[in-house]
Each structure stands twice: as structure tokens, then as C-alpha cells.
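In: 3D, please:
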Amino acid sequence: MGSRLSCSQGKSMRVTKRVINRRTLAVFFWVAVWGVAIVPRAAAGGDAPQWMHALVGVTLPSYDEKTDAVLLYSETNVSVLSADKIRMHVREAYKILRPEGRGRGTVGVSFNPGRKITSLHGWCIPAQGKDYEVKEKDAIETSATAGFELFSDVKYRILRIPAPDPGNIVGYEYEVEEQPYFLQDIWHFQEIDPVRESHYSLQIPAGWDFKASWLSHAAVKPDEASGNVLQWAVSDVKGIRPEPDMPPWEGLAGQMIVSFFPSGGTSRKNELASWEGMGSWYENLISGQMSASEPIKQEVSSLATGKAALLPKLQAIAGFMQHDIRYVEIRLGIGGWQPHAAPDVFAHRYGDCKDKATLLHTMLREIGVDSYLVLINMRRGAVTSATPPLKEFEHAILAIKLPDDVKDPSLIAVMRHPKLGTILFFDPTDELTPFGQIRGPLQANYGLLVTPEGGELVELPQQPSAMNSIQRVGKLTLDANGMLKGDVEEVRLGDRARSERWRLRTVTKNEDRIKPIESLLAGSLSSFQIVRASVVNLEQTDQPFGFNYSFESGNYAKNAGNLLLVRPRVLGSKSWGVLETKEPRKFPIEFEGPSRDTDSFNIALPPGYKVDELPPPTDAVFSFGSYHSRTEASGQVLHYTRSMEIKELSVPVSKMDELKKFYRMIAADERNTAVLKPAVAGK
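Out: The predicted structure follows:
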């Protein structure tokens with residue numbers, strides 16, 4: 001029940017899980033993310049329990065050929081023993097329909113010093129033959145440490161159920177006891193697989209109260225049994241089939257968020273009755289961690305020396321936090337939520353997202369600038385304005401209160417708060433995004449602004465699309481044999497620059513640094529040779545990133561009799577076939593962030609040729625974006641320009657036909673050719 005702030009550096013990565021239920025993990029998810037090989041042990045003989053045998057003869061609807069398994073039965077029973085102890089008992093059984101569904105036979109249950117597994121069993125009922133049983137002693141254990149995290153006290157007990165073959169039923173049952181950080185649970189009853197039947201029960205002590213909120217599903221009233229037990233049930237829940245660039249699972253899947261409150265309340269536990277209450281809980285958790293040690297004061301003084309204006313001081317302190325405090329995550333117990341003390345983070349020169357935000361807050365206070373931690377989920381759409389208060393945050397950044405006289409064009413990620421005035425959002429873990437900007441996943445995203453007065457859900461600003469761009473300019477020459485050669489300059493801003501710097505962050509050989517150029521040319525030209533290439537401003541993150549290169553491409557122009565066919569769009573592809581599928585789109589398309597890219601290619605024509613025919617202009621204008629291209633001739637030069645802008649970060653299903661038309665128009669323009677013919681002397 002206790003989620004944690006799990007910070008993320010580098011490019012955002014989308015991983016599709018088989019089951020949204022965070023208590024269990026599929027084997028392919030485990031291997032892909034943690035790199036753990038699951039080695040089965042010999043299974044002991046034993047009959048499956050009656051609750052599983054009752055599922056053998058159930059009638060199921062017909063499923064299509066892409067349905068790998070069906071969740072026949074799910075049951076979660078939560079018993080709140082006190083504000084400090086909760087017991088959870090889970091049963092689930094799947095019927096495997098296709099070989100790809102075998103991963104349902106693996107269950108991974110998390111545990112740590114505050115969460116204990118008290119029982120774990122698994123069974124298989126084969127279509128033919130005797131039942132199989134595996135017990136907790138047959139499980140293996142592994143750590144959850146991965147990525148940028150140095151150490152975590154979270155571990156997993158992995159149990160693989162034998163014979164998870166098509167036609168067989170696999171099931172498991174486990175119980176855990178934990179000391180919760182939050183008096184809240186989330187019932188995830190919708191997943192990739194269709195769900196035949198799912199049950200949830202909550203037992204609370206006498207005098208306690210509860211509040212249930214439903215997302216992506218109509219509210220269901222609970223049945224009230226004896227002993228303060230509340231019971232909910234849903235049935236015939238459709239599976240969610242993953243689609244490219246769909247919204248995050250948390251914003252789509254049916255779920256019930258249930259919070260429970262002790263009689264009279266408690267000042268120590270966050271009861272998640274409101275965002276304000278959660279903010280107050282977190283403010284109490286971090287307030288004692290923000291004292292400034294003498295070394296911190298000395299560092300701030302050193303960074304501010306020689307800088308009369310406030311903005312250079314802010315930039316210097318932010319740069320120190322980005323580059324001098326190494327990102328390392330150590331999550332132990334409440335440390336998953338509570339930052340380490342600022343003096344410790346400074347002394348050790350490392351910390352995770354909340355550690356770095358806390359130290360930055362402490363240092364800014366030394367120059368008289370207030371700031372506030374912001375908890376956020378990097379998957380835009382996981383938390384919305386309609387989401388009830390819940391613990392679905394994974395990252396921490398900082399909101400810096402700017403004095404009214406601090407104004408500069410570089411400060412883009414700002415919003416005007418009715419009480420706090422102008423605040424600037426800044427992610428101190430992101431060493432590749434300049435101070436004053438935020439990367440795409442944070443933009444137009446909802447975060448919990450934590451202040452001494454409590455918490456407030458705020459929407460972060462969306463930056464202008466021109467702040468995230470590729471500006472490509474080519475000066476090229478075409479000869480009569482179809483050879484195209486020349487120079488290209490690329491200037492990248494925002495996430496377009498950040499992604500390339502991230503890709504090249506550990507590359508030291510010059511020949512490897514031009515791999516992105518090779519990939520671009522290979523995707524645009526049938527043959528090419530790079531003559532010269534260089535990288536611009538790789539380390540200077542406050543400056544635009546760039547590539548400068550020269551290339552040659554033989555047979556670029558194609559002969560058609562005595563004519564030459566030339567594609568004016570030389571490099572780069574903006575078309576996208578994500579919607580060219582037989583099945584209609586079920587979910588919106590999500591873009592990483594706003595963007596505006598431009599291309600400009602001047603092609604000097606070969607002597608003895610002139611333009612006979614030009615492609616028509618393209619103007620595709622929709623609410624979510626626009627695309628414009630022009631091909632013109634001036635003397636012996638063919639000039640092609642285009643621009644593409646993405647303005648809306650989410651395109652609903654109702655606009656899928658428009659989006660498909662948009663990309664088809666782009667694809668047609670990218671294929672268009674200009675026709676050159678021999679010039680007649682004197683004409």
C-alpha cells in the first residue's frame with residue numbers, strides 16, 4: 001500500500017505490464033525490467049483448492065485470437081487491524097488460452113521490513129492429468145535494485161507455477177501484513193486480460209469510516225456484511241489491449257481508490273481525504289530535513305560571489321545541483337518518501353530526486369528565495385484534475401518563487417499562482433535541460449505543490465512548441481548523373497537536444513558520436529557517404545545542440561527518359577503509420593511534448609537542366625497540429641521548406657480520422673518529386 005517516489009533520469013521509458021495490480025508481476029515484465037532469469041523448481045503434487053476447482057466448468061464467451069488468457073477469478077480481502085497494521089489476502093486464477101499467456105503462471109510478491117509475506121501458494125489444474133502445487137519454499141527471492149537505484153530494501157518472492165499451458169488453469173494465493181504509510185488501497189480490477197469476476201472486501205475497525213472513488217468505471221455500491229466488512233464485485237470486465245503511444249495505464253484502467261479514516265482522525269498518518277491533507281503530511285515529513293549546515297552556507301556564498309543580480313545566483317546554484325550532486329537512489333523504509341537531510345546530501349554529494357530538491361530548497365533559502373517541493377508522476381495523465389487524492393507520485397521537483405523583478409526570456413516554465421505569485425518549475429535531477437525549462441513529460445502535467453499550508457494539485461505549464469525543435473538547413477548540389485552532395489546544419493532545442501545529449505553522454509569516440517547522423521541518412525537515402533561531421537555544444541546545455549555534416553548520395557535523382565526526378569524533401573521523415581491498422585483505435589494518442597520542426601533545403605540544379613514541374617504545396621491544419629511545405633524554383637536553385645508543429649499533447653479518439661489524414665498528407669508530400677528537363681539553348 002505504501003507507494004514510493006521512484007525517480008527517473010534520462011529518457012522516459014514506457015513499459016507495458018500484463019497486470020496493473022502492483023502486487024504481482026508477470027515473468028516477461030520481470031525479465032525485461034530487472035534482468036532476472038526465473039528458474040523453475042520441481043513441483044510437488046497436491047490438489048488445487050476448491051475455489052479453483054469451482055472454475056473448471058465455467059462458461060466463457062468466445063475471445064479473439066489475440067486474447068492470451070482470461071482472469072477467471074480475483075479476490076482481494078483487506079483487513080485494517082489498526083492505523084499501523086493491515087493484512088491483505090489475495091486469490092487469482094487464470095485460464096491460459098494461447099502460448100503467449102504462459103507468463104500468467106508466474107507471481108512476484110513484494111516484501112520489505114515493513115511488509116511481510118505470511119503465506120504463498122500456487123497451483124495448476126491441467127486439462128488432462130493431476131493437479132500441480134508449488135509452495136513458498138519453492139519460490140526464489142530477488143532484489144528490486146535496478147537502473148539508477150543503488151539500493152532498495154524492497155525484494156520480491158517469485159513463484160513459478162508448473163505447466164501454464166493453453167487449456168490449463170493456473171492460480172495463486174498469498175497473504176501479506178504491512179505497516180502502511182498511507183491509509184489507502186487501490187483495487188485494480190482491469191488489466192490486459194479480460195476479467196470474468198473480481199471481488200474486493202474491506203474490513204475496518206469499529207468507528208472507522210471510508211471513502212471509495214472510482215476511475216474509468218461506473219461506481220458500484222458495496223454490500224455491507226457483519227463485522228464492518230464492505231464488499232464490492234465487478235464482472236465481465238474487458239481487457240485493455242495496449243496501443244502505441246496510449247495514455248498511461250493509471251488513467252485508463254478501471255480501479256477503485258478506497259481511503260479509510262480512524263475514529264477521530266490521527267495527526268501522524270495521512271488519511272488522503274484531500275490533496276491539502278496529503279501535502280500537510282508530506283510537509284511534516286520533509287520540514288526537519290532542510291536545515292543549512294555551515295558547509296552549505298559556504299558553498300552558496302562561493303556560488304553567489306561576484307553576481308550582483310539574483311538570476312545569475314539562481315542559475316549558479318541550479319547548475320551546481322544538476323552537475324555536482326550525483327544522482328543515486330537509496331530507498332529504505334520511509335526513505336522511499338522522506339528525503340535525506342540536506343547536510344547529508346551535500347556532504348555525500350549524491351541523492352535522489354527528493355534529496356536533490358530538498359538540498360536545492362535549502363540552498364535557495366540562503367539567498368532569500370522561497371521554494372516548494374512538487375510531487376509528480378512522469379506519465380502525464382496518470383493523475384488528472386478529476387483524480388481523487390492518491391499516492392500515485394513517483395518523482396519530486398521544485399517550484400521556485402520568483403521575485404517580481406526577476407524576469408528573463410530564458411524562464412519559460414513559469415506559472416502565476418494566486419497566492420505565491422510567479423513560480424518557476426525546475427527538475428534538479430535533469431542535468432540536460434537548461435534552468436528555466438522542463439522536459440515534455442512534465443509539461444501540462446498535474447503535480448502536488450507542497451507548501452506549509454498544505455498541498456494543492458496544480459497543472460504545470462506547457463512550453464511554446466518552438467522551444468522543442470529541430471531546425472535543419474541544407475545547401476546541396478545536384479549533378480547530371482544524379483549525385484547529390486552538400487552541407488547540412490542542424491540546431492536542436494528542448495527535448496530534441498536533450499535526447500541527443502543523453503544518447504551521447506557516454507560516447508567518447510568521434511566516429512560513434514555521428515551515429516545519429518548515420519541513422520538519419522540511412523532512413524532517408526538509398527546510399528550515402530559522410531564526408532565530414534561534427535557535434536556542436538554537446539556539453540554546453542545552456543546552448544542549442546547541433547550537428548554539422550557533409551554527405552554525398554549517388555543516384556539520388558532518378559532518370560525517366562531524358563528527365564530527372566528529384567525529391568525535394570531530402571532528409572527526415574515526419575509521416576507516421578501508427579493509425580494504419582485494421583482495428584480502430586481505442587485510446588487517445590499521447591505526444592511527449594509540444595514541438596515545432598523546420599526543414600530548408602536549397603538544391604543547385606545541374607547545368608543544362610531546368611525545372612519542368614513542381615510538387616503542389618501542402619497545408620494540413622488541424623487543432624492538434626499543422627504541417628506546411630513549399631517547393632519553389634528560383635533560377636538554377638530548387639528551394640524546399642516545411643514546418644511541422646504539434647500543439648495538443650493528447651488527441652482523442654474522436655479525432656483519429658483527422659490525425660490519420662494529417663499523417664497521410666505528410667507522407668504524400670514526402671514522396672513528391674520535382675521534374676527536371678533539359679534546357680533548350682536560348683530558352
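In: Low-confidence bits of the stretch 551-683 of the chain, can you list those?
Out: Applying pLDDT under 70 to the stretch 551-683 of the chain flags residues 681-683.
In: Please, where are all the helices along it?
Out: 656-671 (DSSP state H, counting those that start in this stretch).
In: quick check: mean pLDDT across the strand ranked longest in the chain?
Out: Criterion DSSP state E: the longest strand present in the chain is strand 69-82. Across strand 69-82, the average pLDDT comes to 97.
In: Report the buried residues of the next helix or strand after it.
Out: Using DSSP states H and E, the helix or strand that follows strand 69-82 in sequence is strand 85-96. Buried residues in strand 85-96, counted by 16 or more other CB atoms under 10 Å: 86-96. From N, CA and C alone the C-beta is placed, and that goes for glycine too.
In: what's the helix or strand that strand 85-96 is followed by packed up against?
Out: Sequence order places strand 106-111 as the next helix or strand after strand 85-96, per DSSP H and E. Here strand 106-111 touches helix 27-34, strand 115-125, strand 155-160, strand 169-178, going by 3 or more CB pairs under 8 Å, 6 or more residues apart in numbering; DSSP states H and E.
In: Pull the distance from the second one to the chain's centre.
Out: Right, strand 115-125. Taking CA atoms, centre = their mean, to the nearest Å, one finds strand 115-125 lying 31 Å from the centre of the chain it belongs to.
In: Likewise for the third one?
Out: When C-alpha coordinates are averaged (CA atoms, centre = their mean), strand 155-160 and its chain have centres 26 Å apart.
In: just the last one next, same as before
Out: Relative to its chain's centre, strand 169-178 lies at 29 Å (CA atoms, centre = their mean).
In: Sheet-wise, list the partners of the helix or strand following it with their directions.
Out: Per DSSP H and E, strand 169-178 leads on to strand 184-188 as the next helix or strand towards the C-terminus. If you go by DSSP bridges, strand 184-188 pairs up with strand 255-261 (antiparallel).
In: Residue 422 pairs with what?
Out: Beta-bridge partners, per DSSP bridges, of residue 422: residue 416.
In: cool, the one 4 residues further on as well?
Out: Beta-bridge pairing of residue 426, defined through DSSP bridges, involves residue 398.
In: contacting residues for it?
Out: 318, 360, 397-400, 413, 435-436, 438 (CB atoms under 8 Å, 6 or more residues apart in numbering).
In: about what we covered before: JSON lines for the buried residues of strand 85-96, including distance to residue 126 and pLDDT?
Out: Below are the buried residues of strand 85-96 laid out as JSON lines (distance: CB to CB, whole Å; pLDDT from 0 to 100):
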{"residue": "86", "distance to residue 126": "35", "pLDDT": "97"}
{"residue": "87", "distance to residue 126": "32", "pLDDT": "98"}
{"residue": "88", "distance to residue 126": "29", "pLDDT": "98"}
{"residue": "89", "distance to residue 126": "26", "pLDDT": "98"}
{"residue": "90", "distance to residue 126": "23", "pLDDT": "98"}
{"residue": "91", "distance to residue 126": "19", "pLDDT": "98"}
{"residue": "92", "distance to residue 126": "18", "pLDDT": "98"}
{"residue": "93", "distance to residue 126": "13", "pLDDT": "98"}
{"residue": "94", "distance to residue 126": "13", "pLDDT": "98"}
{"residue": "95", "distance to residue 126": "12", "pLDDT": "97"}
{"residue": "96", "distance to residue 126": "10", "pLDDT": "97"}
